[in-house]
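Engineer: heads up, no residue letters with this:
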C-alpha cells in the first residue's frame, strides 16, 4: 500500500469520538483533597519565604562586608580573598584604571611595638 492509502485509512484525531469520563466524590473525600492541597500550598509558601529570608540575609551580609572596607570611592569592593595574621585581603575594581586590584586591610597594625617593627621590615 502506498503512503497516501495508509494516511487515508487512519482517521483524523478530530474525527475520533471523545469519551468523557465523569468522576464523582463524596464531600468527605473532597474535604480531604482540599486539605491536602492547602498543606502543599502552605509548604511551598513556607519554602519560598525561607529562601527569600536566606537571600536577604546573604545580601545584608555582603552589604555589611563591603561597607566595612573604608576605601577611596574609585575602588569597588567585590569579595573577600583571604584572611591572615595581620588582616584581610579583598578583591576590588579600580574604576579609574578599569582593572582588578587586591586591597589588604590591616587591623591593629601599630598596637604592639614589636609587631609594628616586624611588619615594617616585611613591607619595606
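Structural biologist: In hand now; what should we look at? Remember, it's a predicted structure, so these values are computed and weren't measured experimentally.

Engineer: Is residue 77 inside a helix or a strand, and which specific one?
Structural biologist: Counting by DSSP states H and E, the element that carries residue 77 is strand 75-83.

Engineer: Any buried residues in that strand, and which?
Structural biologist: For strand 75-83, burial by neighbour count (16 or more other CB atoms under 10 Å) applies to 75, 77. For glycine as for every other residue, the C-beta is placed from the backbone atoms N, C-alpha and C.

Engineer: The helix or strand just after that strand versus strand 75-83: what angle between them?
Structural biologist: Later in the chain than strand 75-83, the nearest helix or strand by DSSP H and E is strand 87-94. Per axes from the mean of the first three to the mean of the last three CA atoms, to 10 degrees, the angle that strand 87-94 makes with strand 75-83 is 150 degrees.

Engineer: Could you list the paired strands of strand 87-94 along with their orientation?
Structural biologist: The pairing partners recorded for strand 87-94 under DSSP bridges are strand 75-83 (antiparallel), strand 99-106 (antiparallel).

Engineer: I figured residue 25 hits residue 33, correct?
Structural biologist: Yes - between residue 25 and residue 33 a contact is recorded at 7.5 Å, counting by CB atoms under 8 Å.

Engineer: on that earlier part again, how about the strands paired with strand 87-94, which one is nearest residue 40?
Structural biologist: strand 75-83 (38.2 Å; CB to CB).

Engineer: circling back: tabulate the strands paired with strand 87-94 (JSON lines), appending distance to residue 65 and mean pLDDT.
Structural biologist: Formatted as JSON lines, those follow (distance: least, CB to CB, whole Å; pLDDT from 0 to 100):
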{"stretch": "strand 75-83", "distance to residue 65": "7", "mean pLDDT": "91"}
{"stretch": "strand 99-106", "distance to residue 65": "11", "mean pLDDT": "91"}
